[in-house]
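Enquirer: have a look; sequence and predicted model below, questions after that.
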Amino acid sequence: MVADVVGLGLAFLAAELLFSPRGQGDPVHTWLEVLVFALTLPIWVVMGRLYGLYKHDEERNDHTTVDDLIGIFHFVTVGAWVFFTGASLTHLTALNLHKLLTFWVLAIVLVVAGRVVARTLCRRRVAYIQNAVIVGAGDIGQRIAQKFILHPEYGVNVVGFIDDTPKEQLEGLEELAILGPPSSLGDVIRALDVDRVIVAFSNSSHEETLDVVRSLSDFYLQVDIVPRLFDVVSPNTTIHSVEGIPLVGLPPFHLSRSSQLLKRATDVGVSAVLLLLAAPVLAFIAVRIKLDSHGPVLFRQARIGLGDRTFTMLKFRTMSEDADEHKKEVAHLNRHARQGRDARMFKIPDDPRVTRFGRTLRRYAVDELPQLLNVLRGEMSLVGPRPLVHDEDRYVLGWGRRRLELKPGMTGLWQVLGRSAISFDEMVRLDYTYVTTWSLWNDFRLLGRTIPLVLNGRGEPPDLLGAYVPEPERVSSP
């Protein structure tokens, strides 16, 4: 709210000083108009509340400023026209089109920027972090705990599980305590100052789970329920009802021709602009790679693309020229194969074959910029499923192969939600969800969430994969 008030105030002040119709000869009237606008700021705050701009951070852990963009656009657009039209009719100010447009553009930019700064500052404070307990210590409950640990930006501190028959805890979760059976949930909430309860699948009966959820109405906290068949539920699903029974509506599992054309037009336009803007950076990187080590500037690798067709993916070379010859020597360092985990993916943290300059390129994902050429040529998309090599693709069967109905992307759900730290099965599920629930807005949202990851230069996420079977298994059913 403070970010909105400051952004709106600065935008109006700038517009007033630049396009006041009375000119510089009447500063008193200019500041009078600024005062009138300041008095209307509480009304703007109420409008923001009606647009739902002040409630999602507490309800949704993955809420970002990108999710606010449409609401902010509507909020500022309607508010600007209402204010300037009303002020003109009451002769408090003149309806100046230049002033209106200037305020409109500046308000959107400054409100968005203010929210980014506010969220960044707030989420660094301990007071923002929510203590959470997970009801159900089975596979799903533990997967949720892993994701919260992997993504501290969600601001959730999992303090433990509630379950009377818990499963053996996965690697990395041993420190999370089993706090007791469902009947003790109320005492746990009071003792540990719990702010959020997540109801995952447990061995409790349907009636027992309902009793647990209903008992939470006595507390002021957020309650999240993991739905059954959650693998096919996405942000695009809708909830409607028939005589009081809620139904979850899934969108059609196909991409229309118009949607394909719209996605392609976006890819071409954005990639062309980015290539033009990044041309000096690309040239500088190419020179540095040649000076840093022997070998070609670009690394070319065969990947599986749309319709099971092979294409050559481009990246800046970040390893020594003979890296492939030493692959067997470092195979034991594969993070996905250690301690009997799933070895279908090959990722090595701090790979000794990476060059000195290559580490910098990988840290900020700059080595992937040449893939903009793949996007421009129609082999890849800005957002899409993860591009797999042949050795990985052969383990994807059945429903998982629907990932090939869209072009692989430079970024996607797999990049935003875990990069190389997620398991092979999880990656396949994420790609399936992306393909079957595609929307252009979701693409822009994923692009927006990728930008801070790149700018922060976080490198590889924590090594928290859980225990998986040692032998590769083919993915054949959800």
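Expert: Done, it's in. Just so it is clear, the model here is predicted, and its values are computed rather than measured.
Enquirer: can you give me the domain boundaries for this protein?
Expert: The chain breaks down by automatic domain parsing into domains covering 2-122, 129-226, 257-456.
Enquirer: mean pLDDT, distance to Thr237 and mean neighbour count for these - can I get that in CSV?
Expert: Where you see a C-beta, it was placed from the backbone N, CA and C, and this is true even at glycine. Below are those laid out as CSV (pLDDT from 0 to 100; distance: least, C-beta to C-beta, whole Å; neighbours: other C-beta atoms under 10 Å):
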stretch, mean pLDDT, distance to Thr237, mean neighbour count
domain 2-122, 82, 15, 16
domain 129-226, 87, 14, 17
domain 257-456, 85, 8, 17
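Enquirer: can you redo the ones you listed as TSV with distance to Pro246?
Expert: Listed next are these as TSV, based on distance: least, C-beta to C-beta, whole Å:
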stretch	distance to Pro246
domain 2-122	18
domain 129-226	12
domain 257-456	19
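Enquirer: strands along this structure, start to end?
Expert: 130-135, 156-162, 177-180, 196-199, 222-225, 238-242, 245-249, 298-304, 310-316, 381-383, 409-411 (DSSP state E).
Enquirer: now find how far off-centre the third one is within its chain.
Expert: Think strand 177-180. Here strand 177-180 is found 30 Å from its chain centre; the criterion is C-alpha atoms, centre = their mean, to the nearest Å.
Enquirer: next: the fourth one.
Expert: Centre-to-centre, strand 196-199 and its host chain are 21 Å apart (C-alpha atoms, centre = their mean).
Enquirer: sheet partners, orientation included, of that strand?
Expert: Note on strand 196-199: by DSSP bridges, its sheet partners are strand 130-135 (parallel), strand 222-225 (parallel).
Enquirer: sorry, back to before: looking at the strands of the chain, which is nearest to Val116?
Expert: Smallest distance to Val116 across those (C-beta to C-beta): 19.0 Å, for strand 409-411.
Enquirer: helices or strands up against the closest one?
Expert: Under the contact criterion of 3 or more C-beta pairs under 8 Å, 6 or more residues apart in numbering; DSSP states H and E, strand 409-411 touches helix 371-376, strand 381-383, helix 440-456.
Enquirer: which residues touch the shortest one?
Expert: Think strand 381-383. Strand 381-383 is contacted by residues 263, 266-267, 270-271, 375, 406-412, 443, 446-447 when judged by C-beta atoms under 8 Å, 6 or more residues apart in numbering.
Enquirer: what's the closest of these to Leu35?
Expert: Distances from Leu35 to the contacts of strand 381-383, taken as C-beta to C-beta, are shortest for Leu447 (40.4 Å).
Enquirer: look up how far Ile225 lies from the nearest residue to Phe201 once chain neighbours are set aside.
Expert: Closest residue to Phe201 apart from its sequence neighbours, by C-beta to C-beta, 6 or more residues apart in numbering: Ile140 at 4.8 Å. Ile140 sits 11 Å away from Ile225, taking C-beta to C-beta, to the nearest Å as the criterion.
Enquirer: ok, back up a step: of the helices and strands packed on strand 409-411, which approaches Gly307 most closely?
Expert: Across the helices and strands packed on strand 409-411, Gly307 has its closest neighbour in strand 381-383 (13.5 Å, C-beta to C-beta).
Enquirer: so what are the sheet partners of that closest one and their directions?
Expert: Strand 381-383 sits in its sheet next to strand 409-411 (parallel), going by DSSP bridges.
Enquirer: contacts for the partner strand?
Expert: With C-beta under 8 Å, 6+ apart, strand 409-411 has contacts from 368, 371-372, 375, 380-387, 446-447, 450.
Enquirer: repeat the analysis, applying 7 Å as the threshold.
Expert: Here strand 409-411 makes contact (C-beta atoms under 7 Å, 6 or more residues apart in numbering) with Glu368, Gln371, Val375, Met380, Ser381, Leu382, Val383, Gly384, Pro385, Leu446, Leu447, Thr450.
Enquirer: make sure the first one is actually in contact with Lys315.
Expert: Going back to what we said before, that points to Glu368. Yes: with contacts counted by C-beta atoms under 7 Å, Glu368 reaches Lys315, the gap being 5.9 Å.
Enquirer: including distance to Ala107, could the contacts of strand 409-411 go into CSV?
Expert: What follows is those, written out as CSV (distance: C-beta to C-beta, whole Å):
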residue, distance to Ala107
Glu368, 35
Gln371, 35
Val375, 33
Met380, 36
Ser381, 33
Leu382, 28
Val383, 28
Gly384, 34
Pro385, 37
Leu446, 26
Leu447, 23
Thr450, 26
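Enquirer: in a markdown table, list the helices and strands packed on strand 409-411 along with distance to Val105.
Expert: Below are these laid out as a markdown table (distance: least, C-beta to C-beta, whole Å):
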| stretch | distance to Val105 |
| --- | --- |
| helix 371-376 | 28 |
| strand 381-383 | 25 |
| helix 440-456 | 19 |
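Enquirer: which stretch among those comes nearest Arg190?
Expert: Nearest to Arg190, of all the helices and strands packed on strand 409-411, is helix 440-456, at 35.6 Å by C-beta to C-beta.
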